[in-house]
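Novice: Any chance you can model this:
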Amino acid sequence: MPVLDSRLDRRAEAFARNRAEMEAALARVDALHREAAAGGGAEAMERLRARGKLPLRERISLVLDRDAPFLEISPLAAWRSNFNVGSGFVVGIGVISGVECVILGHDPSVRAGAFNAFNSKKLMRGLEIARKNRLPYVQFVESAGADLRGDAGAGDPEAAIRRETGHFAESGRLFYEITELSKLRIPTISVVFGASTAGGAYQPGMSDYNILVRGQSKVFLGGPPLVKMATGEDADEESLGGAEMHAAVSGLGDYLAEDETDAIRMCRDVVAHLNWRKQGPGPSLPADPPVHDPEDLLGLVGEDLRQPFDMREVIARVADGSRFEEFKPLYGPTLVTGWGSIHGFPVGFIGNNGALLSESAEKAAQFIQLCNQIDVPLVFLHNITGFIVGTDFEQRGITKNGSKMINAVANSTVPHISVIVGASYGAGNYGMSGRAFGTRFTFIWPTAKIAVMGPKQMAGVMTIVQRGATIRRGEKFDEEANAKRAAAVEHWAEERSKGLFATSRVSDDGMIDPRDTRDVLGIALSACHNNAVAGTKEFGTWRM
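Specialist: Residues are numbered from 1 along each chain as shown. From the prediction side, this is the model:
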């Protein structure tokens, strides 16, 4: 397989500017990661330790195999909201006793591990990852229930009711998802470190294996105050829902640990006896590092996404040995397609080098079919403003051929992994297997943007529509007022298109350092291969 050449000029002014902008963005991201890792703050952490409890991230580090990586999912959720950065939950993929697992944990230092709108999305995403990739699901439970503060609606007397209704729906789906994993023969394990009350009691209630900690774990549908109000009974916590009671009397507890480290040891033992075997093939190609330095990726893309770059430069720093067999290089050149491997896993690359034209869309549809024919996962590298528009392009079949590409993406059954490197706008996001298309994993670079359309285009379209409506009514169009309105729309759209905002709303699986792209993709591919990797020849009707 040919080794890609690189034409990247490290001495160019654009390279230096891009690198400086990327490093500044990474510094902001690193600061937010530190904020998320701090949980509820130093004082809250000290209170935990004073009660003999470990911080959540220490619990996770102890359950993982020595030197095993942990790929955290949506670590910056809830940035710029009423909630802590990270949202009070940690979700990720790690290796326990040699088995890749989805691990979810409530952080008791943040609002006592309560559920909110952001960590509920993370929890559901974790369950989805476990189901689609066939990964055992381990949850570290300690929650006070629902946090009903909300993220908006101050002064609205019905806001809390709406939030409670939403939480009720999410909790019900949580019960369904955990139970479905068990039906699919995907093991579910709960380690209860503290309170697990009301709806939260069903987290262990629906799990295959439950580990409780003596003197710490409390599992009940209603705590002593609620029992008193509902029945008049004066119940103490231990008799009502303590670890010893559930282990010896109710049967909810399967293992009774003496302390937290003992519970974590038991969790590792349970995973070890699962006799877990991957259904997909292991890495089959040489996993040598790229010939070209991944450090160069810092200077490839900056904040000005209008500046073009060759996606082959990314592939050359992600693929094993920088090897890449390009498919149809002369046809539809605004899309790069071809075969390579990442950490030994064969993959098909699809990367944008401009707008999606009719020819590039056709090429993508054919390439996706070929990858499905040979059971090869697809890696989509986004830098796309969308499908090309205009009279000439419509007459040449852009809608028809763009639909072929989306048809192929929607019906493809091999794993898809997307990395938003630059822009990802409108239907271009769909064509490149955006989150709406059941993509196994989606990651985003710090300077990337994702939106329905570009901010300037959004403001311009609104102006054209409003001007036309005003003229049709026979009124005079106020250009000055429109300019102010358009500027406000553009600013609003610009802020919400930024990758940091998108990742904070759990619209992807995490913002990554460009230099880590290869390793992050390797972990994701390995996780995908827990399930069978099987392509399809069954696609929808092609409009010829």
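
Novice: how about T179, what does it touch?
Specialist: If you count contacts by Cβ atoms under 8 Å, 6 or more residues apart in numbering, T179 has them with M206. For every residue, glycine as well, the C-beta is placed using N, CA and C.

Novice: so how far is V99 from it?
Specialist: Using Cβ to Cβ, to the nearest Å, one gets 21 Å for the distance from T179 to V99.

Novice: One more: V506?
Specialist: V506 is 26 Å from V99, by Cβ to Cβ.

Novice: Make sure T442 is indeed in a strand.
Specialist: Yes - T442: assigned to a strand according to DSSP: H, G, I helix; E, B strand; the rest coil.

Novice: so it touches A436, yeah?
Specialist: No - contact criterion Cβ atoms under 8 Å: T442 and A436 do not qualify, at 10.2 Å.

Novice: more crowded one of these two?
Specialist: Set T442 next to A436 and count neighbours by other Cβ atoms under 10 Å: T442 wins out with 26 against 9.

Novice: right, and the secondary structure at the residue located most distally from the centre of the chain would be what?
Specialist: Distance from the centre of the chain peaks at G474, with 49.3 Å (Cα atoms, centre = their mean). Taking three-state DSSP as the rule, one finds G474 in the coil state.

Novice: Sketch out the helices for the stretch 101-250 of the chain, chain order is fine.
Specialist: Using DSSP state H, counting those that start in this stretch, the helices found in the stretch 101-250 of the chain span residues 117-133, 159-183, 202-205, 224-231, 237-241, 243-245.

Novice: mind listing what the next helix-or-strand element following the shortest one pairs with, with the direction of each?
Specialist: Beyond helix 243-245 on the C-terminal side, the first helix or strand identified by DSSP states H and E is strand 255-257. Using DSSP bridges, the strands paired with strand 255-257 in its sheet are strand 209-213 (parallel).

Novice: For the strand it pairs with, output the C-alpha coordinates as CSV.
Specialist: The C-alpha atoms that make up strand 209-213 are tabulated as CSV, following Å, rounded to 0.1, in the frame of the first residue of the first chain:
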residue,chain,number,x,y,z
TYR,A,209,-24.8,-8.2,39.4
ASN,A,210,-24.9,-6.0,42.5
ILE,A,211,-22.1,-5.2,44.9
LEU,A,212,-23.0,-3.3,48.1
VAL,A,213,-20.7,-1.7,50.7
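
Novice: gap between it and the chain center?
Specialist: Relative to the chain's own centre, strand 209-213 is displaced by 28 Å; criterion: Cα atoms, centre = their mean, to the nearest Å.

Novice: likewise stretch 411-420?
Specialist: Remark: stretch 411-420 is offset 13 Å from the chain centroid, using Cα atoms, centre = their mean.

Novice: What's the mean pLDDT across that stretch?
Specialist: Mean pLDDT, stretch 411-420: 98.

Novice: What is the end-to-end distance of it?
Specialist: Start and end residues of stretch 411-420 are separated by 21 Å (Cα to Cα, to the nearest Å).

Novice: go on, stretch 451-459?
Specialist: Using Cα to Cα, one end of stretch 451-459 lies 13 Å from the other.

Novice: got it, and stretch 487-507?
Specialist: 26 Å.

Novice: Ok, stretch 96-116 next?
Specialist: End to end - Cα to Cα - stretch 96-116 spans 28 Å.

Novice: Pull out the buried positions in it.
Specialist: Across stretch 96-116, burial judged by 16 or more other Cβ atoms under 10 Å covers 96-97, 99-116.

Novice: cool, stretch 290-304 as well?
Specialist: So for stretch 290-304, counting by 16+ other Cβ under 10 Å, buried means 290-292, 294, 296-303.

Novice: which residues sit against that stretch?
Specialist: The set of residues external to stretch 290-304 that reach it, using Cβ under 8 Å, 6+ apart, is 3-4, 6, 8, 10, 14-19, 21-23, 25, 309, 313-314, 316-322, 383, 421-422, 445, 447-448, 514-515, 517-518.

Novice: Find the least confident helix or strand in this structure, judged by mean pLDDT.
Specialist: helix 159-183 (a mean of 68; mean pLDDT, DSSP states H and E).

Novice: circling back: quick one, what contacts the residue farthest from the centre of the chain?
Specialist: No contacts exist for G474 under Cβ under 8 Å, 6+ apart.

Novice: R485 now?
Specialist: R485 sits next to M462 when contact means Cβ under 8 Å, 6+ apart.

Novice: ok, now A247?
Specialist: Here A247 is in contact with 212, 253-256 (Cβ under 8 Å, 6+ apart).

Novice: nearest spatial neighbour of V336, skipping sequence neighbours?
Specialist: Using Cβ to Cβ, 6 or more residues apart in numbering and skipping the chain neighbours, the partner closest in space to V336 is G351 (4.4 Å).

Novice: burial of that neighbour, as a residue count?
Specialist: By other Cβ under 10 Å, neighbour count at G351 equals 24.

Novice: pretty sure it is in a helix, no?
Specialist: No - per three-state DSSP, G351 lies outside any helix segment and is strand.

Novice: what sits opposite it in the beta ladder?
Specialist: Beta-bridge partners recorded for G351 (DSSP bridges): V336, L381.

Novice: Hmm, it is touching L335, no?
Specialist: Yes - between G351 and L335 there is a contact under Cβ under 8 Å: 7.3 Å.

Novice: What about S403, how many residues nearby?
Specialist: When neighbours are defined as other Cβ under 10 Å, S403 has 19 of them.

Novice: Could you tell me the per-residue confidence at M1?
Specialist: Reading off the confidence values, M1 has pLDDT 89.

Novice: Counting neighbours, what do you get for the residue lying closest to it once chain neighbours are set aside?
Specialist: The shortest distance from M1 to any non-neighbouring residue, by Cβ to Cβ, 6+ apart, is to R323 (4.2 Å). Neighbours of R323 under the rule other Cβ under 10 Å: 21.

Novice: Do I have it right that R323 meets P289?
Specialist: No - using Cβ under 8 Å, R323 makes no contact with P289, being 11.5 Å away.

Novice: Fine by me, thanks again.
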